[in-house]
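In: give me a model of this one.
(2 chains)
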There are 2 protein chains.
Amino acid sequence: MDIVHIAPPWISIPPKNYGGTEIVLYNLIEEQIAQGHTVTLLAPGDASTSARLVSFLPQALIEEGVPWYAHLQAFYHLYRSVEYISGQSFDIAHLHLSSASDMYLLPLTQHLHLPHVMTLHSCFPFDRAGSWMGDGDKYYAHWLKTMPMVSISHQARKEALPDLDFLDVVHHGLPMHLFTPTVKRPDSYVAWLGRFVPEKGPHLAIKAARRAGVPLVLAGIVDHNVPNAVRYFQEQIEPEIDGEQIRYIGPVNHEQKVDLLSRARAFLNPITWEEPFGMVMIEAMALGCPVITFSRGAAPEVVRHGRSGFLVKDVDEMVACIERIEEFERATVRAHVEGHFSVQAMAEKYTHVYRRVIATHVRTRWSRAHAPSTLVPFPLTTTLPLRRDDLASAAHPPSVHFPTAETEVEPTP
Amino acid sequence: MDIVHIAPPWISIPPKNYGGTEIVLYNLIEEQIAQGHTVTLLAPGDASTSARLVSFLPQALIEEGVPWYAHLQAFYHLYRSVEYISGQSFDIAHLHLSSASDMYLLPLTQHLHLPHVMTLHSCFPFDRAGSWMGDGDKYYAHWLKTMPMVSISHQARKEALPDLDFLDVVHHGLPMHLFTPTVKRPDSYVAWLGRFVPEKGPHLAIKAARRAGVPLVLAGIVDHNVPNAVRYFQEQIEPEIDGEQIRYIGPVNHEQKVDLLSRARAFLNPITWEEPFGMVMIEAMALGCPVITFSRGAAPEVVRHGRSGFLVKDVDEMVACIERIEEFERATVRAHVEGHFSVQAMAEKYTHVYRRVIATHVRTRWSRAHAPSTLVPFPLTTTLPLRRDDLASAAHPPSVHFPTAETEVEPTP
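Out: Below you'll find the model as predicted:
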């Protein structure tokens, strides 16, 4: 298949530090090429990829110091990308909805002649900027509803706007060969790894480790562009770090992450929000490290309770489970990821989704070619022309179909 | 003429408080209708206008509490507006470039079949968000250069990106009948009116008034969404207000403004930036109130030195001129505005610009209809086909024409 991906322009591919969508996209593309597909990636010029790279910006925007809410450059990347693929004959265009600016893709692709599909990588609402949150997503609902979508979990699908056209759930997958355990037997510590924000719960991991009397190693980044994240780290995490029971080792690269999780007795995931996936859980399990997670968000889809980790409801249960962690066979924990969350499986599922999108696209065009070009009212019944009217307005909905969004006011005399 | 305006979606038309672009647009439209044109306004639903109003948002975004840097709703308004006019047969579409989000209009209208023109209402760079400033304007330069533009002053044109297609300068104009002096002879005070920001210089107006020993009345708004503006007001203005020599009367409505300026001996305009116009100067002069302004930005285009006010270089000169203010005939000051800055003159100039845009549009289409549909290389010389190639690429520039903006990297083996 000849596949084109339009990447979000903010974070480098693969990400230099944290970037869930970008690491998934990087792995997906490498695996698609390994499976024999031809892949074009539309992304800023600092991307590393085996795909053909077409860039309209020299560098990922975060690397350029552009704040998330300044959209002019992001829009330029997206606009030029859609314009570019409109002139080409790819089999399928894969779009990615990850942050606010990606919403522009919805109107921009509404008349795209290529079959296309969009993965929902994060959560509604997308009409956000800093700590402000608006209700502008509703204006994009019409375009969203006609966009074939994939969600990254059943949870993500459940939390999305209603009536979206979800074709399938495709869980994230890992390149297993890059996640080989570095040790046979783990050390005594438990681990937490992520961006330091309250909803990922590092303060609760500290609480659980202290109560269970086990060492905890924290790793990951503090986003210095987000004042609340800095304050949270300074107030709730830093004072707890004693360098003995509670250690913080800073951001980790891939090798350090693999070693950290290989040697951890357990990974603690006390999330306080409905996280749509939770990449770090499958990374830990791939390395044989069982996960003890609050049973929220996509955690019940990702962790098999009693086999690859524990689903718990609070810190108390987490503490009790830390004590039972030796029950797990580390090879079994890894096998759970191999069976369900490999990058091979992810790429194959996407190929399957692409085939369905292409088939629908071709069949729709096919039917249109055989449809009468003008509406000839059928003389004996009003049913047929009315039905055809319905079809016509479904294809090109008149603007008055938007409830409350459009008002047309006659001139005041 | 059948005219359509796409308004920026942020501030109500006419503005409830401050909004330079929106008051000009409101007045222009009313006058265009008075001059017999048919006008459609695409703007949020809270606009008051004699035009036919088509709205995709119920209310101006600032009224909804949307911050300037959250663009999803603004983009929706602009996208739907362009989509709407694309299906209609207006004689001319008038676009307005006032803040960052209006830049989206440039790519969105690049294939618009209607003749269109854009007024540059404020200053580059538009790639701004809060106090952050980026260099993203360069990505829009290609579209900007093919957009027929009008500037609101020679100053604004001088400060714009190079190589833009400026057709004309159209100064703002006032509805003179709404600016009738309320008194025959002014009071003893001088006035300052505007948004309280350092670049508009109210702190310098205070300094000048104190040194000249005259009372000063300050009026206008403090933008509580801009922390720097609040700090500036609290630190540099508020401590100076004594209720006697220096008074602050808060924001003023139209009637209050007319009375304030009618009764002022002079209007002080100690701007510290290259202001592209300076609406309040023509409002003051329309009411017979001479303007003493720093000779920066568009001030030398707006104020006729010695006839409608004084152009000065600093506070010292301003103080000296306050003492000479009785030299002016207030009727002469008003006549200067009547002659050069009436809304009639503005609307007529725009009609003239529209005619030129329409003529160019029709002639271009005309030439294209007579051009050979395929390129037939001329056998005896290479000059002709090469020239035709140049023309073809000028009309649809290939993406490689963007310096540094696009890189196409071949797959790494």
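
In: list phi and psi for A:Q234.
Out: Summarising the backbone geometry of A:Q234 under the convention degrees, to the nearest 10, its torsions are phi -70, psi -40.

In: ok, it to chain B distance?
Out: 22 Å (Cβ to the nearest Cβ, to the nearest Å). Every residue, glycine included, has its C-beta placed from N, CA and C.

In: where does A:A191 land in three-state SS?
Out: Under the three-state scheme (DSSP: H, G, I helix; E, B strand; the rest coil), the conformation of A:A191 reads as strand.

In: okay, and the beta partners of it?
Out: Each beta-bridge partner of A:A191 is listed here, defined by DSSP bridges: A:V217, A:F267.

In: burial of the residue of the stretch 201-350 of chain A found nearest chain B, as a residue count?
Out: Scanning the stretch 201-350 of chain A for the residue nearest chain B gives A:N225, at 10.7 Å (criterion: Cβ to the nearest Cβ). Here the count is done by other Cβ atoms under 10 Å in any protein chain shown, and A:N225 has 11 residues near it.

In: with A:N269 instead?
Out: By other Cβ under 10 Å, the residues close to A:N269 number 30.

In: pull the contacting residues for the nearest residue to it once chain neighbours are set aside.
Out: Take A:N269 and drop its neighbours on the chain: the residue closest to it by Cβ to Cβ, 6 or more residues apart in numbering or on different chains is A:T293, 3.7 Å away. Applying Cβ atoms under 8 Å, 6 or more residues apart in numbering or on different chains, we find A:T293 in contact with A:268-271, A:278, A:281, A:299, A:302-303, A:309-312.

In: tell me which of those residues fall in helices.
Out: Taking DSSP state H, the ones among these that sit in helices are A:281, A:299, A:302.

In: where's the dip in pLDDT among the contacts of A:T293?
Out: Across the contacts of A:T293, the smallest pLDDT goes to A:G278, namely 93.

In: touching, that one and A:P270? I think so.
Out: No. With contact taken as Cβ atoms under 8 Å, A:G278 and A:P270 are classed as non-touching, separated by 11.7 Å.

In: between these two, which one's more packed in?
Out: Set A:G278 next to A:P270 and count neighbours by other Cβ under 10 Å: A:G278 wins out with 27 against 22.

In: contacting residues for that one?
Out: A:G278 makes contact with A:269, A:271, A:293, A:297-299, A:302 under the criterion Cβ under 8 Å, 6+ apart.

In: ok, and the most crowded of the ones in helices among the contacts of A:T293?
Out: In terms of neighbour count, A:V302 stands highest of the ones in helices among the contacts of A:T293 at 28 neighbours, by other Cβ under 10 Å.

In: hang on, that one packs against A:E283?
Out: No. Between A:V302 and A:E283 there is no contact, the gap being 10.9 Å when judged by Cβ under 8 Å.

In: tell me the contacts of the most centrally placed residue in chain A?
Out: The residue lying closest to the centre of chain A (Cα atoms, centre = their mean) is A:H121, at 2.3 Å. By Cβ under 8 Å, 6+ apart, the contact set of A:H121 is A:20-21, A:24, A:96-98, A:152, A:276.

In: ok, A:L106 next?
Out: With contacts defined as Cβ under 8 Å, 6+ apart, A:L106 is in contact with A:140, A:143-144, A:147.

In: can you lay out those residues as JSON lines showing pLDDT and secondary structure?
Out: JSON lines is the format used below for the contacts of A:L106 (pLDDT from 0 to 100; DSSP: H, G, I helix; E, B strand; the rest coil):
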{"residue": "A:Y140", "pLDDT": "97", "secondary structure": "helix"}
{"residue": "A:W143", "pLDDT": "96", "secondary structure": "helix"}
{"residue": "A:L144", "pLDDT": "96", "secondary structure": "helix"}
{"residue": "A:M147", "pLDDT": "97", "secondary structure": "coil"}
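
In: which of the contacts of A:H121 lies closest to A:A74?
Out: Each of the contacts of A:H121 was checked against A:A74 using Cβ to Cβ; the closest is A:S98, at 11.0 Å.

In: got the buried residues for stretch A:353-369?
Out: Residues of stretch A:353-369 classed as buried: A:353-354, A:357-358, A:361 (neighbour count, 16 or more other Cβ atoms under 10 Å in any protein chain shown).

In: try stretch A:157-168
Out: So for stretch A:157-168, counting by 16+ other Cβ under 10 Å, buried means A:157, A:159-160, A:164, A:167.

In: got it, and stretch A:13-30?
Out: For stretch A:13-30, a neighbour-count test (16+ other Cβ under 10 Å) marks A:13-15, A:19-30 as buried.
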